[in-house]
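Visitor: sequence and predicted structure below; questions after.
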Amino acid sequence: MLKHFSVMIAAAILWQFSSSLTLAQSYNPEQADKFPPSPLEVTTPDPLLPPLRDKQPLSFPEKLRLQAALDGLNQEAAAQLQAGDKEAAFAIWNRELRLRRYLGAVDEVQALARVGEIAWNQNDRQQVFYITQRLQAIQKQAQPKNSKTQTNVDLQLWRALGQAYQNVRSLKPAIEVYNQILVAVRQQQDKTAEVDTLKTLGNLHLVWFNYPQAAANYEELLTLATSRGESQDELTYLQQLAYIYKQSKQAQKSIDVLTRIKDIYSQDINSQAQLPTLQLAIATNYETLAKENAALLPEAFKNYQAAYTTAWQLQQYARAAEALQKLIPLYRSQGQLDAALETSKILLETEARGANYYGMMQAYDQIGKLSLENKDYPQALAAFKDGLELALQIKHQEAYFTQQVEKVSSMQVNEQK
C-alpha cells in the first residue's frame with residue numbers, strides 16, 4: 001500500500017513538473033516585449049455589448065443575454081479547434097474572454113482558466129502568456145488593502161484565481177494565492193477550508209520539489225487530523241510525509257513517521273502484510289544514520305531482524321530474503337563473519353521456500369565466499385558445487401561457478417600438502 005501510494009504521488013508530481021518546464025511558470029513583465037499587445041486588452045466596441053452609458057454595469061437581463069452569447073462563442077471556438085483551425089479558435093476565445101469581464105471577475109477568471117488549460121495543452125506560449133498576464137492584473141485589483149485583516153476577502157474569486165494559475169501551470173503565483181486564502185480562512189476559523197487549502201499548498205510545493213514547505217503543510221494537516229481523531233486522514237498524511245522525507249533524505253524524520261505508520265498497521269489485521277516493508281524502511285534509515293552515529297547501528301540490526309521474522313511469519317519469503325540480504329553485508333562490515341555465514345545459510349533456506357532458484361544460487365555464492373574468508377575450503381567447495389548445479393539448471397553464470405569450483409579445489413589440494 002505504501003509503495004503504491006508513493007508511486008501515485010511521484011507520477012503526479014513528475015507529470016506536472018515536466019509540464020512546468022515547457023512554458024513560463026509565472027508572468028514576467030520582461031516577457032511583454034516578446035509578444036504583440038494582448039488581444040485581451042482590445043477596447044474596440046463589440047456588437048454583443050449593449051450601448052453603455054457612463055460605464056454603467058449591465059442589468060441582470062443584459063448579463064443573461066451576454067452569457068448565452070458567450071457560451072455560444074465558446075462552442076464555436078471549440079468547433080474551430082476541432083476542425084484544425086487553431087488561430088481562428090483562439091481569436092474567438094479571446095473575444096469571449098474580453099467580454100467575460102462584463103459578467104464579473106469570478107466569471108472572467110473561470111473562463112480564463114478554461115481557455116488557459118486549452119492553450120497549455122496546445123503548447124501555445126503566447127496565449128498562455130496573455131492569460132497569465134490578465135490573471136495577475138485581476139489578482140492585483142483584488143488584493144485586500146489591509147493585509148492583516150482578510151475576513152472580507154472574496155474567497156470565490158481567490159479560489160478561481162488559484163485554479164486558473166494551476167491550469168496554466170503558473171505555480172509560484174498559485175502558491176501565493178493559496179497562502180492568502182489560508183490566512184483568510186484561518187481568520188474566519190473555517191477548519192474545513194483550512195484543511196483543503198493546506199492540501200492544495202502541500203501538493204503545489206511537491207510539484208516544485210519544495211520538500212521542506214510541503215512537509216510543513218502536511219505536518220499541519222497531521223496535527224489537525226490527530227487532534228480531531230480522524231484516523232484515516234492521519235494515516236494519509238503520515239504516508240505523504242513518509243514519501244516527502246524519503247525524497248528529501250531526512251532519515252530521522254522518516255523513522256519517526258514510518259514508526260507511527262507501523263504502529264497503526266500493527267493494530268489492523270488487514271494491514272499487517274505491510275509491516276515487513278515498513279520495518280525494512282526503518283532499518284535502512286537507521287543504517288544511514290549509523291554512518292554518522294555508530295550508536296544507532298544496533299537499531300538497524302534490530303529492525304532488519306524484525307523485518308525478516310515478520311515476513312517469514314507472513315510467508316513473504318521474497319521480503320524475508322531482502323531483509324537477510326541487508327543483514328549479511330552489515331555483519332561483514334562489523335567483522336562478524338560467522339554471523340554473516342549463518343545468515344547466508346538462513347537466506348538459502350528462505351530462497352528455497354520462495355522457489356527462487358536465482359536467489360538460491362546467489363546464496364550459495366555468498367556461503368562459498370564467506371567460507372573462503374574463514375578458510376573452510378570443504379564448505380566453500382560444497383557451496384560452489386551446489387551453486388554450479390543450479391547455474392547449469394537455469395543456464396546462468398555456469399562459467400563463474402565452474403571457475404570457483406576449480407579454484408577452491410586447487411586451494412584445498414594445496415592446503416592438504
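Guide: Structure received.

Visitor: just how off-centre is stretch 172-190 within its chain?
Guide: Stretch 172-190 sits 23 Å away from the centroid of its parent chain (CA atoms, centre = their mean, to the nearest Å).

Visitor: mean confidence score for that stretch?
Guide: Taken as a whole, stretch 172-190 carries a mean pLDDT of 96.

Visitor: just the buried positions in it, please.
Guide: 173-175, 177-178, 180-185 (16 or more other CB atoms under 10 Å). All C-beta atoms are positioned from the backbone trio N, CA, C, and that covers glycine.

Visitor: also stretch 236-253?
Guide: Across stretch 236-253, burial judged by 16+ other CB under 10 Å covers 236-247, 250-251, 253.

Visitor: and of the residues you listed, the nearest to Thr310?
Guide: Ala242 (18.1 Å; CB to CB).

Visitor: that closest one is in contact with Thr259, isn't it?
Guide: No: in this structure, Ala242 is not within contact of Thr259 by CB atoms under 8 Å, at 10.3 Å.

Visitor: any common contacting residues for those two?
Guide: Both Ala242 and Thr259 lack any common contact, where contact means CB atoms under 8 Å, 6 or more residues apart in numbering.

Visitor: buried ones in stretch 39-50?
Guide: So stretch 39-50, judged by 16+ other CB under 10 Å, has buried residues 39-40, 48.

Visitor: what's the answer for stretch 325-338, then?
Guide: Going by 16+ other CB under 10 Å, stretch 325-338 has these buried residues: 325-328, 330-332.

Visitor: in strands, which of the residues you listed appear?
Guide: With strands defined by DSSP state E, no entry of the buried residues of stretch 325-338 lies inside them.

Visitor: for the stretch 51-200 of the chain, which segments count as helices?
Guide: In the stretch 51-200 of the chain, helices defined by DSSP state H, counting those that start in this stretch lie at 60-82, 86-100, 105-121, 125-142, 155-167, 171-187, 191-207, listed in chain order.

Visitor: to Leu392, which of those helices lies closest?
Guide: Per CB to CB, nearest to Leu392 of these: helix 191-207, 49.8 Å.

Visitor: now the angle from the closest one to helix 171-187?
Guide: Using axes from the mean of the first three to the mean of the last three CA atoms, to 10 degrees, the inter-axis angle of helix 191-207 relative to helix 171-187 is 160 degrees.

Visitor: so what does helix 191-207 touch, helix or strand wise?
Guide: Packing partners of helix 191-207 (3 or more CB pairs under 8 Å, 6 or more residues apart in numbering; DSSP states H and E): helix 2-20, helix 155-167, helix 171-187, helix 211-227.

Visitor: quick one: low-confidence parts of the stretch 301-417 of the chain?
Guide: 417 (pLDDT under 70).
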